[in-house]
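Participant: pasted the sequence and its predicted model underneath.
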Amino acid sequence: MRFLYIVTICFAFLMAGCGGGGGGLSTPSLTYNGAGTVTTDSSGRAKITSTSLGVSYEILVVDSSGNPVSGVTVIYSEADGKSIMYIKDGTGTYGDVILIGTATELSAAAPRFKSKTYTKSTDYNLGVTLQARAASTVGFTSNAYDLHKAYMSTGTGWTTDCYTSSELITELQGMSTSKEAVLIFNGTVADTDLQYLKLAGSWFSNSGFSTAMQTRLKAVYGLDDATLALANFQMTCYEPTSGALYEGGIGTVCSITKSSSVCQANNAPVISGTPTTFQKTGEYGFTPSATDSDSDTLTYIIANKPDWASFDASTGELSGTATAGTYEGITITVSDGTDIDSLSFDLTIVTRLLAKTGQTTIYADYDDGYYQKGTDPNFSRDDSTSIVTDNLNGLMWYDIALGSYNAYSSAVTACSSTYSGYSDWRLPTILELESIADYSGTFRTINSTFQCVSNEFTRRLWSSTYNSFNYDVFSYSGGMISINSGGIVPFPYVMCVRGE
């Protein structure tokens, strides 16, 4: 929805001609539609109150000496949550001013010095200084004047492709209109006095336009013929179909940027890294690597992030205390603002890691030798303490066979003592005993990291797992689980474990 207000600001001694009289606020002849009010006073101020945007502006229009200017038309409208102000002098004495933006942006673009004379208790106080018009000295006729102030908010309008100077001129001529146009020159500007330019629409088709524009580009950016030929330009344009700029006679506002990089072909970033995809519950962390040959600033986003994880958009780090589950399609994407690259993976978190049995011979198409499932065993032994650590599952084994016991209760008692400084030893479960078995040979045995495997009596070990008859015993010589049968010699031996 757009609203349009037109107000003419006059000195006190000209108020009679404007439909007002005397000091203080008065309501001159004005045309507007929609909500809001506009009032002016003899000091050169116009107060615009917008109910739709919920703001009010008090605008003071002065000349370069700080004196209020009379006979100036302020055209105000609203579009897309922004205020649009076009301040023009019908006498041609002063250059026009265009302001587009939110109240905060306008306050930054046109701040007003607050003094006792011109300060009122309003939401936003804007100060607009008009500069006397002067014909350009770089090849333009009286149809082209420097524009004192032109402000355009980010994201408005459209962005063109990249052009050489000749292509830029052709593009401008293709936008020829009967209305006026405003050009704003950005980038590295050599002469800021030439940064803003207003053109009559007819000037686009003028036979001297091409030469004049090239002269202008060289003067603005400090170029010569050779460097101009190598330069690239890009435009961001705003062309209203109604509202202040359209009604006031401005057809197009274009911001022209010259940059060493803005028109170069963008090189997409590359993301890499090998995330852990299978692990136990606990702390998880993965930070990808990303490179960008253009040295662009990189940002990251993630899809299908696990609920337990946090994500750093500046580094791409995925971290947290992982809980058991299967998390599919985790995708980390890096962007340089133009192009992206992505890395996807599935993650499985388990409460206990299943080690490979070591079997490599395939006896059937459904055995361990065929599937090769699980994680490679990872054991380490401390010879000074006779402790073997299962680095996958965090278990610690006391690698000493404590003797054979016919009674389960005696086996439990054997693990209740202190060994190598630890007093929380216990009998292992049948699955824990099976996890240290090695099925790679003809006869099953304990993983070679364990030294007590050399003792034949350790081939049968007590477990804490109870079935309907008795506590299970694991037989390493046969790789079988059996129920303890009293009287069978040798009696099962004991090897203790601590941990989960």
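Facilitator: Noted; the coordinates are in hand.
Participant: and the pLDDT at the closest residue in space to residue 333 that isn't next to it in sequence?
Facilitator: Distances taken as C-beta to C-beta, 6 or more residues apart in numbering place residue 342 nearest to residue 333, at 4.4 Å, with adjacent residues excluded. Glycine gets a C-beta too; all of them are placed from N, C-alpha and C. We have a pLDDT of 94 for residue 342.
Participant: and if you look at the one 3 residues further on?
Facilitator: Per-residue confidence at residue 345 stands at 95 (pLDDT).
Participant: what's residue 86 sitting at in phi/psi?
Facilitator: Here the main-chain torsion angles of residue 86 (degrees, to the nearest 10) amount to phi -120, psi 110.
Participant: quick check: beta-bridge partners of it?
Facilitator: As for beta bridges, residue 86 partners with residue 75, residue 98 under DSSP bridges.
Participant: residue 446 now?
Facilitator: Counting by DSSP bridges, residue 446 forms beta bridges with residue 437.
Participant: re earlier: in contact with the residue nearest to residue 333, which residues?
Facilitator: Taking C-beta atoms under 8 Å, 6 or more residues apart in numbering as the criterion, residue 342 is in contact with 271, 331, 332, 333, 334.
Participant: so which helix or strand takes in it?
Facilitator: Per DSSP states H and E, residue 342 falls inside strand 340-350.
Participant: strand partners (parallel or antiparallel) of that strand?
Facilitator: Strand pairing for strand 340-350, determined by DSSP bridges: strand 278-280 (parallel), strand 325-335 (antiparallel).
Participant: got a markdown table for those strands, with distance to residue 433 and mean neighbour count too?
Facilitator: Formatted as a markdown table, these follow (distance: least, C-beta to C-beta, whole Å; neighbours: other C-beta atoms under 10 Å):
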| stretch | distance to residue 433 | mean neighbour count |
| --- | --- | --- |
| strand 278-280 | 19 | 16 |
| strand 325-335 | 28 | 17 |
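Participant: remind me what the one helix or strand residue 61 maps to packs against, helices and strands.
Facilitator: Secondary structure from DSSP H and E places residue 61 in strand 55-62. Counting contacts by 3 or more C-beta pairs under 8 Å, 6 or more residues apart in numbering; DSSP states H and E, strand 55-62 packs against strand 45-50, strand 72-79, strand 82-89, helix 103-109, strand 124-129.
Participant: got the CA positions of the fourth one in CSV?
Facilitator: The C-alpha coordinates for helix 103-109 follow below in CSV (Å, rounded to 0.1, in the frame of the first residue of the first chain):
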residue,chain,number,x,y,z
ALA,A,103,13.1,6.1,9.9
THR,A,104,16.4,4.9,11.3
GLU,A,105,18.0,4.9,7.9
LEU,A,106,16.7,8.3,7.0
SER,A,107,18.0,9.7,10.3
ALA,A,108,21.4,8.4,9.5
ALA,A,109,21.3,9.7,5.9
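Participant: other SSEs contacting it?
Facilitator: strand 55-62, strand 82-89, strand 97-101, strand 124-129, strand 149-151.
Participant: which one of those lies nearest to residue 211?
Facilitator: When those are compared by C-beta to C-beta, strand 149-151 sits nearest residue 211, at 23.9 Å.
Participant: using the three-state scheme, assign residue 171.
Facilitator: Of the three states, residue 171 takes helix under DSSP: H, G, I helix; E, B strand; the rest coil.
Participant: do I have it right that it meets residue 234?
Facilitator: No. Using C-beta atoms under 8 Å, residue 171 is not in contact with residue 234; the gap is 10.4 Å.
Participant: neighbour count winner among these two?
Facilitator: A count of neighbours by other C-beta atoms under 10 Å puts residue 234 above the other of residue 171 and residue 234, at 19 against 16.
Participant: okay if I get the helices and strands packed on helix 103-109 as JSON lines plus mean pLDDT, distance to residue 387 and mean neighbour count?
Facilitator: Below are these laid out as JSON lines (pLDDT from 0 to 100; distance: least, C-beta to C-beta, whole Å; neighbours: other C-beta atoms under 10 Å):
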{"stretch": "strand 55-62", "mean pLDDT": "84", "distance to residue 387": "74", "mean neighbour count": "22"}
{"stretch": "strand 82-89", "mean pLDDT": "77", "distance to residue 387": "72", "mean neighbour count": "23"}
{"stretch": "strand 97-101", "mean pLDDT": "78", "distance to residue 387": "71", "mean neighbour count": "25"}
{"stretch": "strand 124-129", "mean pLDDT": "85", "distance to residue 387": "74", "mean neighbour count": "20"}
{"stretch": "strand 149-151", "mean pLDDT": "48", "distance to residue 387": "74", "mean neighbour count": "19"}
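Participant: right, I'll leave it there.
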